[in-house]
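Peer 1: Predicted model, plus sequence, below.
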Amino acid sequence: AAAEKGGYDHFMLKEIHEQPDSLRNAIRGRLDFNLGSSVLSGMGTSPRDLAEIQRVVFVGCGTSLHAGLVGEYAIEDLADIHAEVQQAAEFRYRNPIIGSRDLVVAISQSGETADTLAAVREANQKGAFVMGLCNVVGSTIARETGRGVYLHAGPEISVASTKAFTCQVAVMLMMALKLGRGRRFSREEGMKFAKAIESIPDLVQKVIEQSDRIAAIAARYAQNEHAFFIGRGPMYPVALEGALKLKEISYIHAEGYHAAELKHGPIALLQEGTPVIALANDIPGKDKTLGNVEECRARGAKILGIVTEGDHEAAEFMDDVIEVPATHPLVATVPTVVALQLLAYHIANERGCEIDQPRNLAKSVTVE
Ligand code: G6P
């Protein structure tokens with residue numbers, strides 16, 4: 001088993017470190033710098049089909065659901081198409097209003113999650129344009145969607161998902177680019193964005209190189225029993241995912257909130273020393289997030305900020321800082337989540353947790 005872990009103590013750490021390679025595999029051959037677009041033949045080859053799409057609906061569970069939330073921002077921002085995310089478990093019980101001009105994207109690492117599969121069957125029955133975004137080749141969801149894009153992330157063993165999430169986001173950014181090029185995105189803009197996608201593995205590598213620093217910070221947060229993650233815009237789903245990673249493997253009670261929602265409840269729970277992990281990347285909305293950080297600090301919270309490299313102004317607001325490289329706001333979700341994966345891992349490790357096999361959790365949930 002030690003050999004399978006490639007010298008790492010846990011599969012999760014190995015998989016975190018594999019991300020630059022997994023992402024290269026997910027991206028390879030899928031960017032077209034000439035057209036400033038992406039090549040995802042699994043989305044259907046007819047440009048007419050894609051031009052007719054009037055709405056994109058992502059369905060998934062757990063970490064895959066969080067990836068869908070990033071996808072929602074990407075599709076609306078880059079492709080100008082209405083996009084939404086639905087919890088797979090809810091989809092078929094809520095009269096989904098979908099038809100042939102709706103693209104339903106089922107996101108599932110394993111391709112076996114029962115709720116997501118049920119949503120796929122429902123969407124197929126309603127005649128939607130259904131596609132899968134799966135990692136496991138030949139899995140049930142991949143087969144039943146018929147159309148789709150594989151992640152090529154390689155096998156993910158750790159129950160807590162890491163490289164599948166980042167590859168899901170990378171593929172959705174490429175989807176958004178492709179849909180956007182048929183709509184409001186010019187060739188030049190497309191090329192610029194394609195370049196940003198191509199840089200993702202290097203951005204992630206820069207975060208992984210900070211693993212020891214992040215471990216030192218983690219040691220200072222490992223004794224707390226509560227933590228809040230806040231973010232805005234595309235960093236809101238990253239806050240949700242950061243909180244999920246932490247609670248899954250360290251058993252710390254962690255909550256992710258939109259930074260603006262703090263005032264509507266959770267701020268009541270802040271006490272002297274309660275950790276708040278603030279995603280204060282230099283993207284639109286940063287100033288407002290920094291305002292929320294001030295509000296937390298005034299209640300005695302201890303602030304760990306994720307900030308853009310070199311942003312000394314934002315760093316001033318924080319007790320501790322992890323820097324992520326500057327890039328397009330949507331692309332920045334990927335290196336940012338990697339910082340949070342490492343934070344969760346090192347905190348759990350500090351607490352002596354099981355990590356690869358957290359209590360009560362399964363890698364794939366095949367009952368509804
Ligand atoms: C389980 C796993 C999670 C995963 C979720 C969805 O809860 O523990 O890591 O995100 O299922 O799995 P899927 O294979 O559909 O992405």
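Peer 2: Arrived safely.
Peer 1: residue ranges with poor pLDDT in the chain?
Peer 2: Along the chain, segments meeting pLDDT under 70 span 1, 45-48.
Peer 1: Can you identify each of the strands in it by residue range?
Peer 2: With strands called from DSSP state E, the chain shows them at 31-32, 37-38, 55-60, 82-87, 102-108, 129-134, 147-150, 226-231, 253-258, 275-279, 302-308, 320-324.
Peer 1: Just tell me which of the ones you listed ends up closest to His17.
Peer 2: Of all the strands of the chain, it is strand 320-324 that lies closest to His17, at 16.6 Å by Cβ to Cβ. Using the backbone N, CA and C atoms, a C-beta is placed for each residue, glycine as well.
Peer 1: count of neighbours near the closest residue to Leu262 other than its chain neighbours?
Peer 2: Nearest in space to Leu262, with sequence neighbours left out and distances taken as Cβ to Cβ, 6 or more residues apart in numbering, is Asn292 at 5.7 Å. Residues lying near Asn292 (other Cβ atoms under 10 Å) number 24.
Peer 1: Likewise for the one 10 residues further on?
Peer 2: Neighbour count for Lys302, taken as other Cβ under 10 Å: 20.
Peer 1: so it bridges to which residues?
Peer 2: In this entry, Lys302 is beta-bridged to Pro275, by DSSP bridges.
Peer 1: Touching, it and Val293? I think so.
Peer 2: No - at 11.2 Å, Lys302 does not count as touching Val293 under the criterion of Cβ atoms under 8 Å.
Peer 1: shared neighbours of these two, anything?
Peer 2: Here Lys302 and Val293 have Val276 as joint contacts, going by Cβ atoms under 8 Å, 6 or more residues apart in numbering.
Peer 1: Spit out the contact partners of the residue nearest to Leu262.
Peer 2: By Cβ under 8 Å, 6+ apart, the contact set of Asn292 is Ile230, Ala259, Ala260, Leu262, Lys263, Ala278.
Peer 1: redo that, cut-off 10 Å
Peer 2: Contacts for Asn292 (Cβ atoms under 10 Å, 6 or more residues apart in numbering) come out as 230-232, 257-263, 267, 276, 278, 280, 317.
Peer 1: Just the buried residues from these, in ChimeraX please.
Peer 2: Per 16 or more other Cβ atoms under 10 Å, the buried members of the contacts of Asn292 correspond to this ChimeraX selection:
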select :230,231,232,257,258,259,262,267,276,278,280,317
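Peer 1: tell me which of the contacts of Asn292 is nearest to Gly6?
Peer 2: Gly231 (31.7 Å).
Peer 1: how close does the closest one sit to Ile16?
Peer 2: 20 Å (Cβ to Cβ, to the nearest Å).
Peer 1: So which residues on the stretch 201-350 of the chain come close to the ligand?
Peer 2: Nowhere does the stretch 201-350 of the chain come near the ligand, counting by Cβ under 6 Å from any ligand atom.
Peer 1: Which parts of the stretch 201-350 of the chain are helices?
Peer 2: Ranges of helices in the stretch 201-350 of the chain, per DSSP state H, counting those that start in this stretch, are 211-221, 235-250, 286-298, 312-315, 333-350.
Peer 1: The longest one to strand 320-324, inter-axis angle?
Peer 2: Read that as helix 333-350. Between helix 333-350 and strand 320-324, the angle comes out at 140 degrees (axes from the mean of the first three to the mean of the last three Cα atoms, to 10 degrees).
Peer 1: So what's the gap between helix 333-350 and the chain middle?
Peer 2: 12 Å (Cα atoms, centre = their mean, to the nearest Å).
Peer 1: again, but for stretch 181-191
Peer 2: Put simply, stretch 181-191 sits 24 Å off its chain's centre (Cα atoms, centre = their mean).
Peer 1: Would you indicate which residues of it are buried?
Peer 2: Neighbour-count burial for stretch 181-191 flags Arg181, Phe185, Gly190, Met191 (criterion: 16+ other Cβ under 10 Å).
Peer 1: isn't the first one right next to Glu189, touching?
Peer 2: Yes - assessed by Cβ atoms under 10 Å, Arg181 is found in contact with Glu189 at 8.7 Å.
Peer 1: Pick out the residue nearest the middle of this structure.
Peer 2: Central residue of the chain (Cα atoms, centre = their mean): Ala67, 4.0 Å from the mean position.
Peer 1: what's the closest non-adjacent residue to it?
Peer 2: The shortest distance from Ala67 to any residue other than its chain neighbours is 3.8 Å, reached at Gln168 (Cβ to Cβ, 6+ apart).
Peer 1: Compute the number of surrounding residues for that neighbour.
Peer 2: By the criterion of other Cβ under 10 Å, Gln168 has 31 neighbours.
Peer 1: From Phe58, how far off is it?
Peer 2: 10 Å.
Peer 1: try Asp320
Peer 2: 33 Å.
Peer 1: For the two, indicate the residue with more neighbours.
Peer 2: Taking other Cβ under 10 Å, Asp320 and Phe58 do not tie; Phe58 has more neighbours (26 against 18).
Peer 1: residues touching the nearest residue to the more buried one once chain neighbours are set aside, list them.
Peer 2: Nearest non-adjacent residue to Phe58, counting by Cβ to Cβ, 6+ apart: Gly68, 3.3 Å away. The contact partners of Gly68, by Cβ under 10 Å, 6+ apart, come to 56-61, 83-88, 105-107, 133, 168-169, 172, 237.
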